[in-house]
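Asks: Got a sequence here, can you build the structure:
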Amino acid sequence: MSKALAAFLLFFLPFIVLPIGVSPYEVPKVLVAESVIEIFLLYFIFKGGLKNVVHKSPFLLIIFLGIVNLTLFQLVFLAGSTSFFGNPFRLQGIFLLWHLVLFALLSAKIKIFSLPSWIFLVSGLMIFLSVLILGDNGAGRAIGVLGEPNALAAAVVFLWPVIFFTSKLYANFNERAIFYIIYYQNLYK
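Replies: Here you go, the predicted structure:
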């Protein structure tokens, strides 16, 4: 179940588009991500896996506690009106940061690459199709289901190596690269 939740957050969260809040793209993704991470935490607590995470990843726990302490310091001494939940357009505040760091701590030992490679391909294909269907923003930059060109670029930069190294593309690329290297070395001798 933890692997399925992590796969959902990494590969299928970008496709949530709902008319909630100011932005139908970003606000629903943040709310769903926070909810799924809380379910993830409850799963680890009830399975007794939280103790294993703490013992297997003490360095990550130290980083997690350090970030929480820094954000508490910010909330006490440097708080602004959007510090905790963020602004209405993005909801990217300290609350989301705590959730993302918690997700990093809980998912540190999950082997995502043991998932079937079709999951990565479907996710990449759906992002590509969303760009074709939804088009671009007013500046002519593609947005897809992510709402912003830079968010789309980040998703593609994350997905491309995963798709490349878990599919047959990598094997075929290596075979061809080795062939051309040997061919051109022999050609210029």
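Asks: Would you mind finding the longest helix in the protein?
Replies: When secondary structure is assigned using DSSP state H, the longest helix within the chain turns out to be helix 26-47.
Asks: Can you give me the buried ones in that helix?
Replies: Across helix 26-47, burial judged by 16 or more other C-beta atoms under 10 Å covers 26-34, 36-37, 40-41, 44. (C-beta placed from N, C-alpha, C; glycine too.)
Asks: and the residue nearest to residue 134 when sequence neighbours are not counted, how far is that from residue 78?
Replies: In this structure, residue 134 finds its nearest non-sequential neighbour in residue 144, 5.8 Å apart by C-beta to C-beta, 6 or more residues apart in numbering. Noted for residue 144: a distance of 35 Å to residue 78, by C-beta to C-beta, to the nearest Å.
Asks: Compare these two (neighbour count), which wins?
Replies: Set residue 144 next to residue 78 and count neighbours by other C-beta atoms under 10 Å: residue 144 wins out with 26 against 8.
Asks: give me the low-pLDDT residue ranges for this structure?
Replies: 49-57, 167-189 (pLDDT under 70).
Asks: any idea where the helices of the protein begin and end?
Replies: 2-7, 26-47, 49-56, 58-77, 94-106, 117-134, 149-166, 168-187.
Asks: Same list (the buried residues of helix 26-47) but as a markdown table, adding distance to residue 150.
Replies: Below are these laid out as a markdown table (distance: C-beta to C-beta, whole Å):
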| residue | distance to residue 150 |
| --- | --- |
| 26 | 12 |
| 27 | 17 |
| 28 | 18 |
| 29 | 14 |
| 30 | 16 |
| 31 | 21 |
| 32 | 20 |
| 33 | 18 |
| 34 | 21 |
| 36 | 23 |
| 37 | 23 |
| 40 | 26 |
| 41 | 29 |
| 44 | 32 |
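Asks: what's the closest of these to residue 125?
Replies: Ranked by distance to residue 125 (C-beta to C-beta), the buried residues of helix 26-47 are led by residue 29 at 19.3 Å.
Asks: does that closest one really touch residue 15, like I thought?
Replies: No: checked against C-beta atoms under 8 Å, the pair residue 29 and residue 15 is beyond contact range at 9.1 Å.
Asks: what about residue 10, distance to residue 85?
Replies: From residue 10 to residue 85 the distance is 23 Å (C-beta to C-beta).
Asks: The two: who's more crowded?
Replies: Under the neighbour definition other C-beta under 10 Å, residue 10 and residue 85 were set side by side, and residue 10 has more, 21 against 15.
Asks: residue contacts, the more buried one?
Replies: 112, 158 (C-beta atoms under 8 Å, 6 or more residues apart in numbering).
Asks: repeat for residue 96
Replies: So residue 96 contacts 30, 33-34, 86 (C-beta under 8 Å, 6+ apart).
Asks: Show me which pair in those is furthest apart.
Replies: 33 and 86 (12.9 Å).
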